[in-house]
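Chemist: I would like to see how this sequence folds:
(one chain, ligands or ions: 2)
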Amino acid sequence: MLRATHRTRSRARAALLTVPALALVVPAACTATGPPGPSASATAAIAGSAAASAADPTATDPASRDAEQLDTERRVLVVTVDGLRSSVLRELGPEELPVLTRLREEGASTLEARTVVEQTETLPNHTSMLTGRRIDAGLGGHGVTWNTDEPGTTVQEAAGEPVGSLFSRVHAAGGGTALFTGKSKFSLFQRSWPEGLDRYTLREDGARLVALARRDLRREARTVTFLHLAAPDVAGHAHGWGSQEYADAVRAVDGWLGEVLDTVASRPVLREHLTLVLTADHGGSGLGHTDPRRPEDYRIPFVAWGDGVATGTDLYELNEDYRDPGRRRPGYAAERQPVRNADVANLALDLLGLGPVPGSTIGTAQELDLEPPPA
Ligand SMILES: [Zn+2]
Ligand SMILES: [Zn+2]
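Modeler: Ligands and ions are numbered 1, 2, ... in the order given. I've put the predicted structure just below:
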């Protein structure tokens with residue numbers, strides 16, 4: 001069921017770097033990344049993962065991947081807004097959320113995206129966003145079912161097998177990666193892909209985190225930047241998803257996004273070649289978001305904006321392969337899936353000219369389009 005063909009998008013790029021997709025080359029520049037942590041075993045697992053994936057029956061046909069071309073001009077910025085439920089965008093509207101409104105007006109989006117099916121929790125959903133896998137390890141998922149900071153754990157250990165990610169795929173193809181997060185439990189991703197992640201930055205102060213991410217966007221040439229904004233979730237747990245404090249946190253996120261767009265506008269390479277993908281790990285209601293069957297927990301936005309994205313479009317109008325779920329919660333067996341937050345990994349790889357994460361179960365066909373097919 002995994003399609004081997006990787007569609008070529010309409011944008012022709014001048015600068016293409018041909019990289020053997022399964023090569024076990026680790027650029028020397030990456031060896032100084034961050035504290036090694038408990039990664040002697042993790043590193044060994046990673047080193048083995050690319051080789052293992054060649055024999056992995058769930059991996060994409062190696063023949064289609066042995067000459068992948070990383071689009072060396074394109075930049076992908078993934079923004080996840082922790083606890084951003086769709087309804088708040090309607091409630092606050094364009095006056096109070098001018099930047100989120102602008103991203104939707106200038107991009108392709110939906111407010112009827114979905115989380116992964118099994119859980120509406122932060123770490124499981126973020127792991128799905130990075131790996132393109134569902135959660136249940138017995139059914140090909142990543143196995144990260146916990147939502148706390150558990151030192152020493154890795155995604156590979158949870159899955160019981162090698163697990164690639166957006167970071168490891170981009171890095172293996174010669175690109176650079178960075179993760180900016182507001183929660184310490186995201187160290188799971190640094191431990192799981194120590195070579196794939198060129199920069200890992202944790203700041204609980206959202207304004208400070210955004211400032212550091214903007215500086216990195218200005219100064220570095222990351223292929224993928226992943227920015228996790230925790231403020232709405234923190235306010236939701238403390239005061240409720242219906243509270244003024246939650247609304248204030250979403251307004252603050254809107255302001256930070258405006259600052260990020262200023263940075264994008266200030267640098268020609270970003271202005272011309274950056275694609276922004278924004279979604280949420282889950283929504284929330286009351287003081288939490290633990291019930292994956294509750295609409296306020298599973299209904300989230302998915303917004304794409306920038307290079308290669310049609311203006312002012314509904315993602316479901318662009319994508320007949322996907323189906324707007326209305327208020328429903330389709331399972332993985334549904335013939336046409338809703339757009340899910342876990343589409344992020346394989347969408348980003350597609351934007352970069354790379355095939356899907358081996359072993360991924362969501363968005364693996366890379367059929368999610370952000371612009372109409374070429375005439
Ligand atoms: Zn969360
Ligand atoms: Zn939470």
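
Chemist: quick one: the strands in this structure?
Modeler: For the chain, the strands defined by DSSP state E cover 16-19, 68-71, 75-81, 108-114, 177-181, 199-202, 224-229, 274-279, 299-306, 313-314.

Chemist: residues touching whichever residue of the stretch 101-250 of the chain sits closest to ligand 1, list them.
Modeler: With Cβ to the ion, the shortest gap between the stretch 101-250 of the chain and ligand 1 falls at residue 122, namely 3.0 Å. (C-beta placed from N, C-alpha, C; glycine too.) Neighbour list for residue 122: 82, 147, 183, 185, 233, 281, 282 [criterion: Cβ atoms under 8 Å, 6 or more residues apart in numbering].

Chemist: how near is residue 75 to residue 191?
Modeler: Residue 75 is 26 Å from residue 191, where distance means Cβ to Cβ, to the nearest Å.

Chemist: same thing with residue 135?
Modeler: On the measure of Cβ to Cβ, residue 135 and residue 191 end up 19 Å apart.

Chemist: looking at these two, which one has more neighbours?
Modeler: Neighbours were counted for residue 135 and for residue 191 using other Cβ atoms under 10 Å; residue 191 has more, 26 against 23.

Chemist: near ligand 1, which residues of the stretch 151-300 of the chain show up?
Modeler: 233, 281 (Cβ under 5 Å from the ion).

Chemist: quick one: low-confidence ranges for the stretch 151-300 of the chain?
Modeler: Counting by pLDDT under 70, not a single residue of the stretch 151-300 of the chain qualifies.

Chemist: for it, which segments count as helices?
Modeler: Here the stretch 151-300 of the chain has its helices, by DSSP state H, counting those that start in this stretch, at 155-159, 166-172, 187-192, 206-219, 231-239, 244-266, 268-273, 295-298.

Chemist: deepest in the core, which of the ones you listed is it.
Modeler: When the helices of the stretch 151-300 of the chain are scored by mean count of other Cβ atoms under 10 Å, the highest mean neighbour count falls to helix 166-172 (a mean of 28).

Chemist: convert the C-alpha atoms of that one to CSV, please.
Modeler: Output of helix 166-172 as CSV, limited to C-alpha atoms (Å, rounded to 0.1, in the frame of the first residue of the first chain):
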residue,chain,number,x,y,z
LEU,A,166,11.8,14.2,9.5
PHE,A,167,15.1,15.2,11.1
SER,A,168,17.0,12.0,10.3
ARG,A,169,15.8,11.9,6.7
VAL,A,170,16.7,15.5,6.0
HIS,A,171,20.0,15.2,7.7
ALA,A,172,20.9,12.1,5.8
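
Chemist: which ones are touching the residue lying closest to residue 199 once chain neighbours are set aside?
Modeler: The spatially closest residue to residue 199, leaving aside those adjacent along the chain, is residue 178, at 4.0 Å (Cβ to Cβ, 6 or more residues apart in numbering). Residues counted as contacts of residue 178 (Cβ under 8 Å, 6+ apart) are 197, 198, 199, 200, 201, 213, 216, 220, 222, 224, 225, 226.

Chemist: check residue 134 too.
Modeler: Counting by Cβ under 8 Å, 6+ apart, residue 134 makes contact with 116, 117, 118, 128, 140, 141, 142, 332, 342, 361, 362.
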